[in-house]
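In: Predicted model, plus sequence, below.
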Amino acid sequence: MIDGAILVDKDVRILWSNDKHVWFTDQRMASLGLRSPADLVGRPVEQVIPHSRMREVVETGRSLPLDIMRYGDHTLLVSRLPLRDGDGAVIGAIAFALKNSLTYLRPIAERFNTLQTRLARMEQELAASRAPKYTVENLVGFSPPMLQVKRLVRKAGQSGSGVLLLGETGTGKELVAHAIHAASERADRPFVGVNVAAVPENLLEAEFFGVAPGAYTGAARQPRPGKFQLAHGGTLFLDEIGDMPLPLQAKLLRVLQEREVEPLGSNQIVTVDVRIIAATSRSLPDMVRADAFRADLYYRLNVFPIQLPALRDRKEDLEILASLFSERAAAGINQPMRELTPSALDRLHAHDWPGNVRELANVIEQVYVRTDGPRIEGADFADILPAASRPTQPARSRPLAEAVDELERTLIQKALEESGGNKLEAARALGLSRTNLYAKLQKHGIGSASPKA
Ligand SMILES: Nc1ncnc2c1ncn2[C@@H]1O[C@H](COP(=O)(O)OP(=O)(O)OP(=O)(O)O)[C@@H](O)[C@H]1O
């Protein structure tokens with residue numbers, strides 16, 4: 001099948017060529033004063049074949065198994081391979097050529113095209129799933145503190161520096177992180193979030209930096225890329241950064257300084273270009289003073305801090321948020337939207353909102369599920385909003401699970417209020433593990449965002 005073959009030594013001089021005039025035309029042979037292939041021996045390959053890539057193969061030791069080149073008036077399919085001695089040192093190279101044989105390649109080319117199209121579609125779908133879900137327009141509220149947040153979000157979008165979001169649970173930190181990403185130059189690159197508090201401590205490192213193939217056995221440690229690699233070119237949102245264990249803080253600081261990560265079980269360094277947006281509901285300065293958070297990491301993260309106001313400090317926004325969530329709740333269960341009466345708004349204003357906007361959304365949703373009527377009245381919140389006046393004994397018989405659920409919810413809210421939103425402290429007071437509390441917060445929709453993918 002082979003139309004042409006040529007062999008060069010380590011200095012890329014021709015050692016041998018078959019006698020078929022594949023590589024060069026009669027004119028070229030004549031212009032070089034050559035009569036037969038034997039006359040080529042000893043000449044640098046480029047003297048005879050000006051575009052030859054044999055030197056590249058000899059110098060790099062890498063083969064070029066499939067290449068298409070034009071020689072004179074024909075197209076050649078060329079394979080080039082390095083030749084090595086017994087110790088593996090490159091001593092030359094060999095090339096084979098097939099003349100006018102591109103039709104052989106058609107099935108491969110067609111399969112390649114199909115795969116290429118499929119890959120492009122999957123990349124598009126993946127990019128869409130990692131694209132920012134919310135922009136600054138999705139931040140609802142016109143109270144002065146909220147307007148200031150929106151200004152800072154736009155500014156942070158332009159600046160490109162790291163951002164630290166401060167605020168109680170449910171104040172919209174994740175929403176704001178999305179909005180900053182969407183307003184930044186990285187908007188069309190991935191947005192990846194990790195909730196540090198929701199990942200068991202022993203898995204955090206793998207979650208961040210990934211696991212190299214063959215590093216461990218067991219389902220929990222399958223080879224996979226870490227969040228840093230997934231967020232490459234985009235933004236990594238680290239929620240509840242205050243819950244990061246000290247040894248991992250040291251590693252994170254190194255990554256932020258060196259812009260390199262080392263997957264678990266690998267000794268290969270991977271370069272990453274990631275913008276960090278961190279969030280915390282805890283006081284990092286207090287934690288620094290208590291030696292629970294590294295001062296150097298805190299200063300590195302605190303370049304552009306944004307304080308998100310608690311809902312109780314921007315009650316002007318209650319009404320617009322409540323009607324937004326009312327609309328969503330109605331749509332969610334396919335019912336007409338119910339108007340919020342003045343008595344309902346009074347009841348909402350009287351509440352302290354330890355769970356902030358998330359708690360408000362959840363309370364409105366519960367009203368839709370638990371009560372009926374064309375409008376929402378203040379009395380509809382009686383069983384939903386914990387009130388000082390509420391009897392500790394249930395007023396009527398009802399399923400035990402429902403009552404237990406409600407008690408659990410109230411106790412968790414109380415613990416959060418008492419700890420000032422500090423989940424670790426609340427978990428301790430309730431005798432729960434951190435991840436267990438997180439699961440319950442999620443169940444009740446009070447304290448936690450869903451673990452971010
Ligand atoms: N200004 C806002 N406008 C509209 N929706 C909001 C606003 N703030 C918060 N929300 C909604 O409230 C819920 C909680 O917000 P988010 O998850 O961003 O809070 P968080 O501060 O990240 O909470 P956590 O600290 O518990 O993770 C989300 O459903 C979010 O869409």
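Out: Nice, thanks for sending it over.
In: Got the confidence number for the residue of the chain found nearest the ligand?
Out: Nearest to the ligand, among the residues of the chain, is G172, at 2.6 Å (C-beta to the nearest ligand atom). All C-beta spots, glycine's among them, are computed from the backbone N, C-alpha and C. pLDDT recorded at G172 is 93.
In: for it, what are its contacts?
Out: L139, L308, N356, V357 (C-beta atoms under 8 Å, 6 or more residues apart in numbering).
In: Let's see which of these end up in helices.
Out: Judged by DSSP state H, those include N356, V357 as members of helices.
In: contacts with the ligand among the contacts of G172, please.
Out: Among these, the residues lying close to the ligand (C-beta under 6 Å from any ligand atom) are L139, V357.
In: May I see the contacts of G172 organised as CSV, with pLDDT and neighbour count added?
Out: CSV is the format used below for the contacts of G172 (pLDDT from 0 to 100; neighbours: other C-beta atoms under 10 Å):
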residue, pLDDT, neighbour count
L139, 88, 18
L308, 96, 26
N356, 92, 27
V357, 94, 25
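In: hmm, which two among the contacts of G172 are most spread apart?
Out: Farthest pair in the contacts of G172 (C-beta to C-beta) is L139 and N356. Separation: 13.5 Å.
In: pLDDT below threshold where in the stretch 251-400 of the chain?
Out: Scanning the stretch 251-400 of the chain for pLDDT under 70 picks out 386-399.
In: now the helices for it?
Out: Remark: helices assigned in the stretch 251-400 of the chain by DSSP state H, counting those that start in this stretch are 284-289, 295-301, 318-332, 342-350, 356-370, 400-418.
In: Please identify the most buried of these.
Out: Mean neighbour count (mean count of other C-beta atoms under 10 Å) peaks for helix 356-370 among the helices of the stretch 251-400 of the chain, with a mean of 21.
In: who's in contact with it?
Out: Under C-beta under 8 Å, 6+ apart, the answer for helix 356-370 is 167-172, 310-311, 318, 321-322, 325-326, 328-330, 332-333, 335, 338, 348, 353, 355, 376, 380-381, 383-385, 413, 444-447, 449.
In: mind running it again at 7 Å?
Out: For helix 356-370, the external contacting residues (C-beta atoms under 7 Å, 6 or more residues apart in numbering) are 168-172, 310-311, 321-322, 325-326, 329-330, 333, 335, 353, 376, 380-381, 383-385, 445-446.
In: so who does the closest residue to S143 other than its chain neighbours touch?
Out: Closest residue in space to S143, ignoring its immediate chain neighbours: R314 at 3.8 Å, by C-beta to C-beta, 6 or more residues apart in numbering. By C-beta under 7 Å, 6+ apart, R314 lies in contact with G141, S143, P145, M146.
In: How about A279?
Out: Residues near A279 by C-beta under 7 Å, 6+ apart: L165, K173, A177, D239, E240, I241.
In: all helices for the stretch 51-200 of the chain, in order.
Out: For the stretch 51-200 of the chain, the helices defined by DSSP H, counting those that start in this stretch cover 54-60, 102-130, 144-159, 173-182.
In: Alongside the ligand, which residues does the stretch 251-400 of the chain contribute?
Out: S281, V357, R358, A361.
In: Kindly reformat the helices of the stretch 251-400 of the chain as CSV containing distance to E56.
Out: Formatted as CSV, the helices of the stretch 251-400 of the chain follow (distance: least, C-beta to C-beta, whole Å):
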stretch, distance to E56
helix 284-289, 54
helix 295-301, 44
helix 318-332, 61
helix 342-350, 72
helix 356-370, 60
helix 400-418, 65
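In: of those helices, which approaches W16 most closely?
Out: helix 295-301 (62.5 Å).
In: can you list the residues that contact the closest one?
Out: G162, L164, I241, Q249, L252, L253, L256, A278, L284, V288.
In: Give the bridge partners for the residue nearest the centre of the chain, please.
Out: By C-alpha atoms, centre = their mean, the mean C-alpha position of the chain lies nearest to V192, the distance being 2.5 Å. Beta bridges link V192 to L236 when assigned by DSSP bridges.
In: residues in contact with it?
Out: Counting by C-beta under 7 Å, 6+ apart, V192 has contacts R130, K227, L230, A231, G234, L236.
In: Not counting its neighbours along the chain, what's nearest the third one?
Out: Put plainly, it is L230. V192 (4.9 Å).
In: Could you check how far that neighbour is from E207?
Out: The gap separating V192 from E207 is 11 Å, by C-beta to C-beta, to the nearest Å.
In: Could you work out the end-to-end span of stretch 187-206 for me?
Out: End-to-end distance for stretch 187-206, by C-alpha to C-alpha, to the nearest Å: 26 Å.
In: tell me which residues in it are buried?
Out: Using 16 or more other C-beta atoms under 10 Å as the burial criterion, the residues of stretch 187-206 that qualify are 187, 189-199, 204-206.
In: and what of stretch 415-435?
Out: 415-416, 419, 421-424, 426-427, 429-430, 432, 434.
In: which residues make contact with it from outside it?
Out: Residues outside stretch 415-435 that contact it (C-beta under 7 Å, 6+ apart) are 168-169, 197-198, 200, 243, 281-282, 354, 411-412, 437, 447.
In: just these now: which is nearest R43?
Out: P200 (67.4 Å).
In: Could you find the closest non-adjacent residue to that closest one?
Out: Leaving aside its chain neighbours, P200 sits nearest to T435 (5.8 Å; criterion: C-beta to C-beta, 6+ apart).
In: same deal with L152?
Out: I306 (4.8 Å).
In: Does the one you found have any beta-bridge partners, and if so which?
Out: L165.
In: That one is in contact with G167, isn't it?
Out: No: I306 lies out of contact with G167 (C-beta atoms under 7 Å); the separation is 8.3 Å.
In: how many neighbours does the residue lying closest to N302 once chain neighbours are set aside have?
Out: Excluding its sequence neighbours, the residue lying closest to N302 (C-beta to C-beta, 6+ apart) is L164, at 5.1 Å. Residues near L164, counting by other C-beta atoms under 10 Å, number 21.
In: ok, now how distant is A330 from L348?
Out: Distance from A330 to L348, by C-beta to C-beta: 17 Å.
In: okay, the helices of the stretch 51-200 of the chain, which one's buried deepest?
Out: Note that of these, helix 173-182 is the most buried (mean count of other C-beta under 10 Å), with a mean of 26.
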